[in-house]
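**Q** Turn this into a structure:
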Amino acid sequence: MDHRTISTKFQVMIPKVVQNKLGIKPGQKIQVIPYGERIEMGPIQRRRQGGWNLILSMLLLTILCAGLPACRKADQPISGGLQLEEYPLTAAPTLVPLSFQPEGTTQDAVLVRHARLREMVYQNPVRTIEGYPAMTSLGEGEDLTAVMRSAEEDPLRQIVDLMRGDELIFSTDAGLPSPALPLQGFWTFDNHWVLEILLSEEEIWIGEIFQDGELINDLQGYEEAFSFQLLSGEPFFFYQRDDQLGFSYAGQETDLPYDQIPHYRCCAEDTINPVQTEQMVAFFAQQGEQWFYVELGNFD
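**A** Here you go, the predicted model:
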């Protein structure tokens, strides 16, 4: 553990090993987060890198999307009747501010197609309870609360407790402190609760989804599960299994043809990917060197 002294101007030098590991450069903006008795700092635009290999999926794509020649669309409805619309990009997107250039059309022309659905974004803000980050469940079920704390036996590790009023109903390890909070989503529906956390260890960030106390990752053999939401009232999330990306919707799995779907970016709200709305999920994805903007939902 490296100890530093705060100067009279409240300045502190970041150790060289940390600079190199996180790629911090002079003049770069960072996020400063109070957490209990600690202070956490991290790059605002830290990106999780993926190394997933491409495996061909069941989606057959064709040029179909109503007046936009650059849009590719699944030739028939996929899992649960969802529709997928994919736009190849000329370069990697810029997320702050949002900017991307689709091939053969414009960003505005793409976003206007489902603008009404994009406005129906889910909001689940993080608040504080006794100085610790907390989140109240979304959905039609009972109101529960998830609270992130420091583990009593090891203050450097984080835990997430689920509370029904003052009653502790579930607790799980959330790993080491990182620039992104472990609390990523909390839902109740049909007498179930679902908690999504970011498990942070020294070398990796892993999305874990718990339902009623059971880890979905273990039950389904997922290496990672992330971006849980209710989509048109049905449970939806992305997964990675055996280097294959896909999504689960209403209990049905569909593989996707992408190498990576960037997620758990830190720390500005503008960097959220995927974007979760009530009837659609929108996200950037990469296949080899090719980037895509994708919208997946009920568009009828």
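**Q** In the stretch 1-150 of the chain, what residue spans correspond to helices?
**A** Residue ranges of the helices in the stretch 1-150 of the chain, as given by DSSP state H, counting those that start in this stretch, are 16-22, 107-113, 115-118.
**Q** any low-confidence regions in the stretch 101-250 of the chain?
**A** The model of the stretch 101-250 of the chain has no residue with pLDDT under 70.
**Q** Which of the residues in the helix or strand hosting residue 159 are classified as buried?
**A** Counting by DSSP states H and E, the element that carries residue 159 is strand 158-164. By 16 or more other Cβ atoms under 10 Å, the buried positions in strand 158-164 come out as 158, 159, 160, 161, 162, 163. C-beta coordinates here come from the backbone N, C-alpha and C atoms, glycine included.
**Q** ditto for stretch 230-241
**A** 230, 231, 234, 235, 236, 237, 238, 239, 240, 241.
**Q** The strand holding residue 159 pairs with which strands, and in what direction?
**A** Applying DSSP bridges to the sheet, strand 158-164 is found paired with strand 145-150 (antiparallel), strand 167-175 (antiparallel).
**Q** and the angle for the following helix or strand past the longest one with strand 145-150?
**A** The helix or strand immediately downstream of strand 167-175 is strand 183-189, counting by DSSP H and E. In this structure, strand 183-189 runs at an angle of 150 degrees to strand 145-150, with axes from the mean of the first three to the mean of the last three Cα atoms, to 10 degrees as the basis.
**Q** quick check, distance from whichever helix or strand comes after strand 183-189 to the centre of its chain.
**A** Per DSSP H and E, the first helix or strand lying C-terminal to strand 183-189 is strand 192-200. Its chain's average C-alpha position is 11 Å from that of strand 192-200, according to Cα atoms, centre = their mean, to the nearest Å.
**Q** other SSEs contacting strand 192-200?
**A** strand 158-164, strand 167-175, strand 183-189, strand 205-211, strand 224-231 (3 or more Cβ pairs under 8 Å, 6 or more residues apart in numbering; DSSP states H and E).
**Q** Mind checking those strands for the one nearest to residue 109?
**A** strand 224-231 (24.4 Å; Cβ to Cβ).
**Q** Pairing partners for that closest one, with directions?
**A** Paired strands of strand 224-231, with direction, are strand 234-241 (antiparallel) (DSSP bridges).
**Q** outside of whichever helix or strand comes after the strand it pairs with, which residues touch it?
**A** Following strand 234-241 in sequence order, the next helix or strand is strand 244-249 (DSSP H and E). The contact list for strand 244-249 (Cβ atoms under 8 Å, 6 or more residues apart in numbering) reads 52, 55, 57, 79-80, 82, 220, 231, 234-240, 253-256, 258-261, 296.
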